[in-house]
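> let's see this in three dimensions:
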Amino acid sequence: MLDILCRKTSRGDLHISQAERYLARGEWGRARMAVEEGFAKGRLSEPERARRLLQDICARLGVTETFPQ
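Below you'll find the predicted structure:
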């Protein structure tokens, strides 16, 4: 259901929520993809929270990331 809502919304906030759910389940790759989709969609209500989430995910994956502005 959240997947459908993410596709229909014009904001990236639902993608960030989805990324948090993936992270909680240990699905780090899917979490990274979801948070990147959230940044791509834009209009985040809490961009700093999303940056911290991306930083956490990348640390768990052992990769470096260029963080969106």
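
> contacts only, for the residue nearest to the spatial centre of the chain.
By Cα atoms, centre = their mean, the chain has its centre lying nearest to Val35, at 1.5 Å. By Cβ atoms under 8 Å, 6 or more residues apart in numbering, the contact list for Val35 reads 15-16, 19, 50, 53-54, 57. The way it works is simple: take the backbone N, C-alpha and C, and place the C-beta from them, glycine included.

> let's go with 6 Å and repeat that
19, 53-54 (Cβ atoms under 6 Å, 6 or more residues apart in numbering).

> which of those residues ranks first by neighbour count?
Ala19 (27 neighbours; other Cβ atoms under 10 Å).

> could you dump the host helix or strand of that residue to CSV, C-alpha only?
In this structure, Ala19 sits in helix 13-24 according to DSSP states H and E. This file holds the C-alpha atoms of helix 13-24, laid out as CSV (Å, rounded to 0.1, in the frame of the first residue of the first chain):
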residue,chain,number,x,y,z
ASP,A,13,8.2,12.4,2.6
LEU,A,14,6.5,9.0,2.1
HIS,A,15,9.7,7.6,0.5
ILE,A,16,11.6,8.6,3.6
SER,A,17,9.1,6.8,5.8
GLN,A,18,9.3,3.8,3.6
ALA,A,19,13.1,3.9,3.8
GLU,A,20,12.8,3.9,7.6
ARG,A,21,10.7,0.8,7.5
TYR,A,22,13.1,-1.0,5.2
LEU,A,23,16.0,0.0,7.5
ALA,A,24,14.1,-1.4,10.5
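
> list the contacts of that helix.
2, 5-6, 30-31, 34-35, 37-38, 45, 50, 53.

> circling back to that earlier point, name the nearest residue to the residue nearest to the centre of the chain, ignoring sequence neighbours.
Counting by Cβ to Cβ, 6 or more residues apart in numbering, Val35 lies nearest to Ala19, which is 4.0 Å off, once chain neighbours are set aside.
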